[in-house]
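Enquirer: sequence plus the predicted model coming up.
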Amino acid sequence: MKRSFALTFSLVLALIGIILLSSVKLAYADNNDYPLLQLTPSGPQITEEKTAEPLPEGAVGAYYFYANDCPHCIEILEDLILPMVDEYNGQLDVRLLEIGLPANYEAMLTIEAYFEVAPSERGIPTLVIDNHILIGESEIRGTFEKLVSDGIEGGGIPFLEIQGIDPSKLVSVDPDFSQPIDENCDEEEEACVVEAPIYIAYFYQTGCKECSRVEADLNYLKNLYPQMQVVDFNIYDHADLATWLMDQIGYTEDFQTPALVIGEQVLVGDEILPENIIPILESYRTTGVEPIWLDFDPEEGQRSIIERFQDMGWLAVLLAGLVDGINPCAFATLIFFVSYLTLSGRQGKEVLWVGGGFTLGVFLAYLVVGLGLYQVLELLSSTLDVIAKVVYGITGVLCLTLAVLSFIDYKKARNGEVGDMLLKLPEPLRKRINTTIRKGRKTRNYILGAFGVGIMISFLELACTGQVYLPTIIFVSSIPGLQLQAFLYLLLYNLMFILPLVVIFVLVYFGTTSKDLTRFLHERTAAVKFAMSIVFIALGGWLLASLVL
């Protein structure tokens, strides 16, 4: 039990550090975290205007905005919404609004503006009921049923009706998986010639292409501007092209993904919104935009990126690695690992070994990505999404379970029942674990498991890190004469990237080996248990929220 006290103090310190460091990262990154979305097709075509049936008296009305190929959207539709519609038998009307239709997408934008949803918080699926807007899977699953139940008991809830939103014109569209995703014409292909084409360069990062609101915005806009021709470029493969384009345009800000280049206009991150794109498209509606990247000279582009690489400097690479290393999901997973170990009776060097195994997995994962194996992630993107849901889901549920048990222990400690704690091992089991520890077999298994999870977490989080420096280092690593310097930069970047993780498990190590700290915390059992429950709630909520954000 003493170990759990020391562990809790370490976890509290670690959590405070995570929050402070994350706030620094947000300031440094200039709001470059984006809601995760799936690529949205153009949607089914409606050839004649239809009018929706009026809502029956006493019923509840809601709007559900979804995309045909958004897995979260379809899961919620099949698992929650449709069964509820059947259950309430005419008392619940949910309008299924596929955002591939321009009218539906415009309605979603209008509602988002009405609720003052920040660009970084926008996403699908989105469900609107009464004066509530629920964005993402967790919000919908956690809130919708109660809102419907309360609404029916209260005599019904009409559809939200505001300026620009007419419920009679928002007609349900059933999911249609037969619709092909609209592919852009190749600029060299004569059969695809359109009048005054507007060529747009879209730069994305591995693991992030299908996870951005950008694709949904672009597909919506293509319905309004059929001459749009969007060409995708993976920043890892085309860092030289991106650098060359920025030189041609005269763009001097940090170029990060996702990014759009339309003529001489550049939009980055949260700037990529329909209200910002439309004025640019309007200015080119009659003249069009040529694909200026066809004039790209690879040798000139290589010279540009080499100059940028040489201007980086060691300090800039070190700072970039440290800032990118502030990774909340990796922190939460590592803290859960060492929490489990300590509660299982392991301490001291074993915590260091397992924490080191996890951190080594993170380090090697980013190293092999930097050496060019990032292309494998393109092939595994759908598989990684499933793995992410499983890993984060299980770990998040376990964290919340520990939170409940810790709170129960807090209540017991308040009542003086310290010897009856739940989060401690029975004496026979403790002796068996100590015997196993002495044999060393399970420790090796934990180290190997932590190593594997570290690799997995790194691949899942790749799209959120390395926005500026990593693509440049990766590209330069293939240029003869600069490979050694690029490799050294990559090592430095990765070493600084794992430094925050090292700090976390070292804090836990000292927390489990300090006798004075253990004695101090033992005298404050109730407060420690309460703090532990808060820590685990934060970790569990963080991990579960990452499934849909």
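Expert: Received the coordinates, thanks. Everything quoted here is computed from the prediction, not taken from an experiment.

Enquirer: pretty sure residue 450 sits against residue 351.
Expert: No - Residue 450 lies out of contact with residue 351 (CB atoms under 8 Å); the separation is 10.6 Å. To be clear about C-beta, it is placed using only N, CA and C from the backbone, and glycine gets the same treatment.

Enquirer: in what helix or strand does residue 506 lie?
Expert: If you go by DSSP states H and E, residue 506 is part of helix 483-513.

Enquirer: also residue 231?
Expert: Here residue 231, judged by DSSP H and E, is contained in strand 228-234.

Enquirer: kindly report the same for residue 409.
Expert: Using DSSP H and E, residue 409 maps to helix 381-414.

Enquirer: residues contacting the closest residue to residue 274 other than its chain neighbours?
Expert: Among residues not flanking residue 274 along the chain, residue 217 sits closest, at 5.4 Å (CB to CB, 6 or more residues apart in numbering). Counting by CB atoms under 8 Å, 6 or more residues apart in numbering, residue 217 touches 272, 273, 274, 277.

Enquirer: inside strands: which ones of the residues you listed?
Expert: Taking DSSP state E, every one of those sits outside strands.

Enquirer: give the buried residues for stretch 222-232.
Expert: 222, 223, 225, 227, 228, 229, 230, 231 (16 or more other CB atoms under 10 Å).

Enquirer: of those, closest to residue 54?
Expert: Proximity of the buried residues of stretch 222-232 to residue 54 (CB to CB) peaks at residue 223, which lies at 28.1 Å.

Enquirer: wasn't the closest one part of a strand?
Expert: No - counting by DSSP: H, G, I helix; E, B strand; the rest coil, one finds residue 223 to be helix, located in no strand.

Enquirer: point out where the stretch 351-500 of the chain drops to low pLDDT.
Expert: Applying pLDDT under 70 to the stretch 351-500 of the chain flags residues 369-396, 398, 416-443, 457, 459-483.

Enquirer: how about 80 then?
Expert: Applying pLDDT under 80 to the stretch 351-500 of the chain flags residues 351-352, 354, 366-403, 405-407, 409-447, 449-450, 453-490.

Enquirer: how near is the residue nearest to residue 274 to residue 95?
Expert: Distance of residue 217 to residue 95, given as CB to CB, to the nearest Å: 22 Å.

Enquirer: how near is residue 325 to residue 265?
Expert: Taken as CB to CB, the span from residue 325 to residue 265 is 33 Å.

Enquirer: tell me which of these two has more neighbours.
Expert: Between residue 325 and residue 265, counting by other CB atoms under 10 Å, residue 325 is the more crowded of the two (25 against 19).

Enquirer: any idea how far the nearest residue to that one once chain neighbours are set aside lies from residue 322?
Expert: Take residue 325 and drop its neighbours on the chain: the residue closest to it by CB to CB, 6+ apart is residue 497, 3.9 Å away. To residue 322, residue 497 is 7 Å away according to CB to CB.

Enquirer: hang on, the earlier thing: the strand holding residue 231 pairs with which strands, parallel or anti?
Expert: If you go by DSSP bridges, strand 228-234 pairs up with strand 198-204 (parallel).

Enquirer: quick one: contacts of the strand it pairs with?
Expert: Contacts to strand 198-204, defined as CB under 8 Å, 6+ apart, come from residues 187, 212, 214, 218, 225, 227-235, 238, 242, 245, 255, 257-262, 281, 284-285, 288-293.

Enquirer: residue 256 is in what secondary structure piece?
Expert: Counting by DSSP H and E, residue 256 is part of no helix or strand.

Enquirer: surely it meets residue 268?
Expert: Yes - contact criterion CB under 8 Å: residue 256 and residue 268 qualify, at 5.6 Å.

Enquirer: so residue 61, which state does it fall into?
Expert: strand.

Enquirer: contacts only, for it.
Expert: Shown in contact with residue 61 (CB under 8 Å, 6+ apart): 55, 93, 94, 95, 129, 157, 158, 159, 167.

Enquirer: and if you look at residue 235?
Expert: So residue 235 contacts 203, 204, 205, 242, 257, 471 (CB under 8 Å, 6+ apart).
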